[in-house]
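> below is the structure, and that's it, no one-letter string:
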């Protein structure tokens, strides 16, 4: 199989201000993105892949680590590439880092042009819809009037759904994986625990920790640990870790007893070493606020009436963060609107994280969906 | 209905050292306890009620608040009292605060006789089995050779189960509610997040925060918030809070948006105001370590072979912390040993917290079980 090899991120400057859902305005900003494959002459084969909480524009191919460390693959490299389910020999795929993130696009650690100092806590709260508007401006700049598909998992799936509502005619297919039309009280509760861990870390300094030369690592670490638990299924965690002890016996102290503790602390430490605390706050808020039915008195069918795309939805049976029930709710609302919907519920064991894992049935569902998209482009002579 | 009125806690000093499971020894200690009802002449009607994580010896009746605030009821006052399911007109009920707790019995905030300074982090790690041994010494001192029943919910249920293993002939009935024979990897993971929040709070000072005149409130607050989420069911949280907004609209900041945030932060603040951080660490470790089947290669049937009591087990269908499956596992192991077991699975909506709530079916199950216990005592002429 061919490889995308090392991919070089690109950046585009948007000098005009962006009006946000909050009423605030973001001054000139830049978006960091990557592309894979080739835009065809008909400009009909572009697919936008939206990222979730801690991911980035680096969807596929290999990424030269900034630290000079060995290269690492994109977060959806099993899904996107030559000959892969979203085949970059056919499609021109774009990954874009969202506003407020910490991987290149304008975010809290960048200087506020008004003050010359990092935005920090003054970076405006951005929503899923704000991200989609910024992505649409990038699509304009790249000369893409209509996407063959917009696709995402989890928070990325919310962006795909928001695309069909904000720009119904600008995508032909909408691929929403392991997502939800809104967070539950329990989802919000977990997010708020994570936020409170960060906000009350003395090293957070009200969001201006950059000026103090510190990072609220303890808060970020706890935030990641609690988040990580919700990404895994109870069964999968039992299977992988169970009650296995690190040293064979109880230590009767507060170091590491169980392997699961070691794993989670390691994940927390790693995350705290690279992720920005203000970004974590912003992205969890974007998750909490997403609720397209809210403007329609909670009626999701009414909210989705303006969609024009065809849909693929996928959920995973052991995902208790965004359970299959939430996907079925979207499917029902789309069917109520007589939209074309393909829906797959996969009994993968990996919980919410399953959307990033290799599962043959899951991969085949996505592969055959994109085959259909491709066949349609071919039959129209637009491939 | 009669009332227990204001109950006065008692305290008993145990000057002899207690050998602990860890190999450490606890020097002289005291246990704080309460009793309700009257021990009969045959000394046959005593029931020990064991407490869970944040509860205490104050099981029933009213408690004069130390701050001079209005009185507050015991944590199981709906269950224990005159005419209640565990009827104190019939039974002599004992509630005892566990070692290492922060409500009267010797714990980390008390002076270590060896140094004269608070134990702090040097308080030895105690296990469920250690607690049960200390409770047995209290029973000795009170002249109770055999309990009519030992009873508890959640971590309290683990103690009841441990009683039947350490002192099989000292209880006739064992009542285990919303409990488990061991924590899962996910349970341990949530406990470790809570511990890490406390341990990394700069105000924790390695457990010696008493000397610094501070309390690791931020860590305790986050610990409680994450714990609290696991006590409630997803559905119950959706029912009670849903996505209700505190101020009717999004605030686009990091204050309170959703009612669930307000509720959880309030619970966290309240808890951080009265609970000891070292105690929280100790009690979560006792939970993690409980695993009576461990000495039998994980075979719970073998582990429970030495039990002699009759059993009542109750679980709640929406309890995802200690799900009904865990109770069924215990029931099966007891049935394999040909023990007499009554088991009720209640479809209450309140998650793990259901064991503290009023639910008619649940209360009636416990009531009728104690009626049976009472009838047996009467028919033996020992009531």
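Alright, I've got the coordinates. Note that the coordinates shown come from a computational prediction; the quantities given were computed from them, not determined experimentally.
> rest of the way, CA atoms for contacts and neighbours
Will do.
> just confirm residue A:273 contacts residue A:218, I think it does.
No. Counting by C-alpha atoms under 8 Å, residue A:273 stays clear of residue A:218, with 10.4 Å between them.
> mind listing the strands for the stretch 251-383 of chain A?
Taking DSSP state E, counting those that start in this stretch as the test, the strands found in the stretch 251-383 of chain A are A:310-316, A:341-346.
> rewinding a little: which of residue A:273 and residue A:218 has more residues huddled nearby?
Set side by side, residue A:273 and residue A:218 show more neighbours around residue A:218, with 25 against 13, by other C-alpha atoms under 10 Å in any protein chain shown.
> mind giving me the packing neighbours of the host helix or strand of that one?
Using DSSP states H and E, residue A:218 falls within helix A:217-231. Here helix A:217-231 touches helix A:185-199, helix A:259-274, helix B:185-199, going by 3 or more C-alpha pairs under 8 Å, 6 or more residues apart in numbering or on different chains; DSSP states H and E.
> identify all contacting residues around the second one.
Taking C-alpha atoms under 8 Å, 6 or more residues apart in numbering or on different chains as the criterion, the residues outside helix A:259-274 that touch it are A:217-218, A:220-225, A:228, A:237, A:241-246, A:256, B:185, B:188-189, B:192.
> contact residues of the stretch 251-383 of chain A facing chain B?
Within the stretch 251-383 of chain A, the positions near chain B by C-alpha under 8 Å from any C-alpha of the partner chain are A:252, A:253, A:254, A:260, A:261, A:264, A:281, A:289.
> adding pLDDT and neighbour count, write these out as a markdown table.
Formatted as a markdown table, those follow (pLDDT from 0 to 100; neighbours: other C-alpha atoms under 10 Å in any protein chain shown):
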| residue | pLDDT | neighbour count |
| --- | --- | --- |
| A:252 | 97 | 20 |
| A:253 | 96 | 15 |
| A:254 | 96 | 15 |
| A:260 | 98 | 24 |
| A:261 | 98 | 25 |
| A:264 | 98 | 21 |
| A:281 | 98 | 25 |
| A:289 | 98 | 22 |
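> turn those residues into TSV, columns for distance to residue A:122.
Shown next, in TSV, are these (distance: C-alpha to C-alpha, whole Å):
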residue	distance to residue A:122
A:252	45
A:253	41
A:254	38
A:260	37
A:261	35
A:264	31
A:281	12
A:289	19
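> rewinding a little: what subset of the contacts of helix A:259-274 is buried?
Those of the contacts of helix A:259-274 that meet the buried threshold are A:217-218, A:220-225, A:228, A:237, A:241-243, A:245, A:256, B:185, B:188-189, B:192, by 16 or more other C-alpha atoms under 10 Å in any protein chain shown.
> is whatever helix or strand residue A:236 lives in in proximity to chain B?
According to DSSP H and E, residue A:236 maps onto helix A:234-240. Yes. Counting by C-alpha under 8 Å from any C-alpha, chain B has neighbours in helix A:234-240: A:234, A:237, A:238.
> backbone dihedrals for the nearest residue to residue A:118 once chain neighbours are set aside, please?
Nearest residue to residue A:118 in three dimensions, chain neighbours excluded: residue A:111, at 4.0 Å (C-alpha to C-alpha, 6 or more residues apart in numbering or on different chains). Note on residue A:111: its backbone torsions stand at phi -70, psi 130 [degrees, to the nearest 10].
> what sits against residue A:111?
With contacts defined as C-alpha under 8 Å, 6+ apart, residue A:111 is in contact with A:117, A:118, A:119.
> equivalent analysis for residue A:5, please.
Contacts for residue A:5 (C-alpha under 8 Å, 6+ apart) come out as A:61, A:62.
> I'd like to know how far residue A:265 sits from residue A:226.
Note on residue A:265: its distance to residue A:226, by C-alpha to C-alpha, to the nearest Å, is 10 Å.
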